[in-house]
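Visitor: Following is a predicted model, sequence given first.
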Amino acid sequence: MLAIALIVFREVLEASLIVGIVLAASVGIPRRGRWVAAGVAGGVLGAALVAAFAASIAGAFQGNGQELLNATVLCLAVCMLGWHNIWMARHAREMAANAGNVGRQVASGARPLAALALITGAAVLREGSETVLFVFGILAGTQTGLAGLLAGGLLGLAGGAASGAAIYFGLLRIPLHRLFQVTSWMVLLLAAGLAAQAAAFLVQANLLPPLGNEIWDTSWLLSENSLAGRVLHTLIGYVAQPEGIQLVAFAVTLLAIGVPMKLIARPRRTTMVAAALLALGLCGLPHAAHADLQVRMPTVEYRELEFEHNGLLTFGPKGSGFDHAQSYTNSIGYGVLPWWRLELEGEMASGAGQHLYWTATTLENTFQLTEPGEYAFNLGFFAEYSQSTLRGVASGITAGPIVQKELSDTLGVDSLHTLNLFLTHEVGHDTSHATGLDIAWQSVVRWKPLIAPGFEYYGTISDIAHAGPFDRQQHLIGPVLTGQYNFAPYGTLGYEVGYLWGLTAGSPRSAIRWRLEYEIAF
Amino acid sequence: MRLIPPLLTPLLLACLALPAQADPPSYTLTIQNHRFQPEELQVAAGQRFKVIVVNRDPTPEEFESTDMHREKVVTGGGKITVYIGPLPAGTYTFFGDFHPQQARGHIVVK
């Protein structure tokens, strides 16, 4: 009986936790209880149907029916969780402020009631169908009597439901204005974890490459089959031995839901942002697209598709523009010709305590002028046009040479040294007609493909005609760790993470920058 | 529903990039009295293979493995095919999720 209770409990647990979180995340939405209940009922019915037709489902789609059904149900839940979260980002403030008469406050626009029903339905369907199969299997067998089965099943069901109730009432203890902040993060992680599960099913169906069977192994620390492991598996998507594709699915979902959620959280007030950014010194750089610091490479990979993310977080005295200012770029690029890569980049930025805003859209060109290793130096040329999306901030062009030197087995190590010397010039409205200079230098020791440490330097003179004293310019220097991992034939994942110290009063006191890129031949 | 395209596009792109594959070597596991027979399989490293799970019990079972990332229900008296790998050399465990104490086994990849 206890064995039955345990297995039923385990299956019910995941669905129950999801329902608990969704109920807490939707406090104050009128008639949500009814829709969630409908979702649970629909899920139970669906679970019974799936169990009844288990054999035919397993045989469908060349034997991949189960995998595809699971992946579809999970993807549906992920989309609905995303919709719910983005909707809540728009309305959470007013809901927390007017908890009493939310009905009128949120009457405009579709409420995510159907989403609530679909999320709970999907969760119950997925876990429920296995429970139904298991229970009926025991009925068909002979070892356990009906009484034992009923007792065990009900005990397990009660235990699972109690866990869901515990998380729901636990969350409700949080004050309302903080509750939605907490639940939106929980829903975000929940969705990312479910997406990773869906990815694993698609690998099993041979529709996705695994990108590595085991990127790391933490099963010695926390087994996925333990109770804590299972709870964390549901709540934050914990996987002890993740496949590469699961990490990709997790990250993509986190960005696909998290970024709109953050962007929508407050209405745009562009002129205010522009003013804030100007005050920040982010626009002290001639144009917005250089707010992030990075070193460009002079090489082009022909026919390679590249996704790239850069992030920069600066620190400075409270009230200065550098205090917790953030800037991110996301781009997609392609090696159109053996010597030309084209990239489209979006940039977002914000100052301390502010929300992120889309600040610029940029078209970038990298021209490879020499074959790597052909001459003493590798040469490239970089040119971009950056269209500002904020009033009061100018658009700009940036162009200049990239010089790189590879040293093999010098002082016992292989190393790579890269210099960018770029001129920047504002164009269009709101320009000061200033021409600036951006210098970037990176030197790394190629210890292992995955680990190449070194240092980098960034200097910015926003107007070379009036460069001013050294102390007013921006100069930063610090250590960097770079590396890449080749998932051949499924592309290459590269990373850079650096810490920088400001050398002058006109620089941030310190900064953290990172970069993630994924390249695949296409 | 603007979320669907950004979520699915990479998946679809990845589908297109997959190469066609020949039928890989096949191994059979039989479930009887909630136990796998045999309880150990030996397969070659770096090669995709398929495991056919035949359930001789009247009760359903779930073939599951955490380190090989597989979970698939096989109904009472039913049969499923699970494609696995290519895997690096090592020992990987699988179990029947509905009878995790009795139904256990491992795959040795070398």
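Guide: Here it is on my side, so go on.

Visitor: Can you pull the poorly scored residue ranges out of the chain?
Guide: No chain specified, so I'll use chain A. A:93-111, A:141-144, A:265-292, A:429-430 (pLDDT under 70).

Visitor: Please refer instead to chain B.
Guide: Looking at chain B by pLDDT under 70, you get B:1-22.

Visitor: Tell me where chain A has strands.
Guide: For chain A, the strands defined by DSSP state E cover A:304-315, A:325-337, A:340-350, A:357-368, A:378-388, A:395-410, A:413-427, A:435-445, A:452-461, A:474-486, A:492-502, A:510-521.

Visitor: List the residues that contact the closest residue to A:G128 other than its chain neighbours.
Guide: Leaving aside its chain neighbours, A:G128 sits nearest to A:A47 (3.0 Å; criterion: C-beta to C-beta, 6 or more residues apart in numbering or on different chains). From N, CA and C alone the C-beta is placed, and that goes for glycine too. A:A47 is in contact with A:V124, A:L125, A:E127, A:G128, A:S129, A:T131, A:V132, counting by C-beta atoms under 8 Å, 6 or more residues apart in numbering or on different chains.

Visitor: Once you drop chain neighbours, what's closest to the last one?
Guide: When the adjacent residues along the chain are set aside, A:V132 lies closest to A:A51, with 3.8 Å between them (C-beta to C-beta, 6+ apart).

Visitor: List the residues that contact that neighbour.
Guide: A:A51 is in contact with A:S129, A:V132, A:L133, A:F136, counting by C-beta under 8 Å, 6+ apart.

Visitor: What of A:K262?
Guide: Going by C-beta under 8 Å, 6+ apart, A:K262 touches A:A89, A:H355, A:L356.

Visitor: switch to 10 Å and redo it
Guide: Applying C-beta atoms under 10 Å, 6 or more residues apart in numbering or on different chains to A:K262 gives the contacts A:I86, A:A89, A:S184, A:M348, A:S350, A:H355, A:L356, A:Y357.

Visitor: From A:G321, how far off is it?
Guide: The gap separating A:K262 from A:G321 is 20 Å, by C-beta to C-beta, to the nearest Å.

Visitor: Which residue ranges make up each domain of chain A?
Guide: A:2-186, A:288-521 (automatic domain parsing).

Visitor: so which of these gets nearest A:I257?
Guide: Closest to A:I257 of the domains of chain A is domain A:2-186 (C-beta to C-beta; 4.2 Å).

Visitor: how many other residues sit next to A:L390?
Guide: A:L390: 24 surrounding residues under other C-beta atoms under 10 Å in any protein chain shown.

Visitor: Quick check: it touching A:S350?
Guide: No: counting by C-beta atoms under 10 Å, A:L390 does not reach A:S350; the two are 11.9 Å apart.

Visitor: In this structure A:A240 contacts A:G229, no?
Guide: Yes: using C-beta under 10 Å as the test, A:A240 is close enough to A:G229 to be in contact (6.9 Å).

Visitor: quick one, which of these two is more surrounded?
Guide: For A:A240 versus A:G229, the count of surrounding residues by other C-beta under 10 Å is larger for A:A240: 21 against 18.

Visitor: show me the contacts for that one.
Guide: A:214, A:216-226, A:229, A:232-233, B:66-67.

Visitor: can you rerun that using 6 Å?
Guide: Neighbouring residues of A:A240 by C-beta atoms under 6 Å, 6 or more residues apart in numbering or on different chains: A:T218, A:S219, A:E224.

Visitor: Quickly note the distance from the residue in chain B that chain A sits nearest to to A:G478.
Guide: Chain B approaches chain A most closely through B:T59 (3.5 Å), counting by C-beta to the nearest C-beta. As judged by C-beta to C-beta, B:T59 and A:G478 stand 62 Å apart.

Visitor: What of A:L421?
Guide: Counting by C-beta to C-beta - A:L421 and A:G478 are separated by 20 Å.

Visitor: Also A:Q204?
Guide: Counting by C-beta to C-beta, the gap from A:Q204 to A:G478 is 44 Å.
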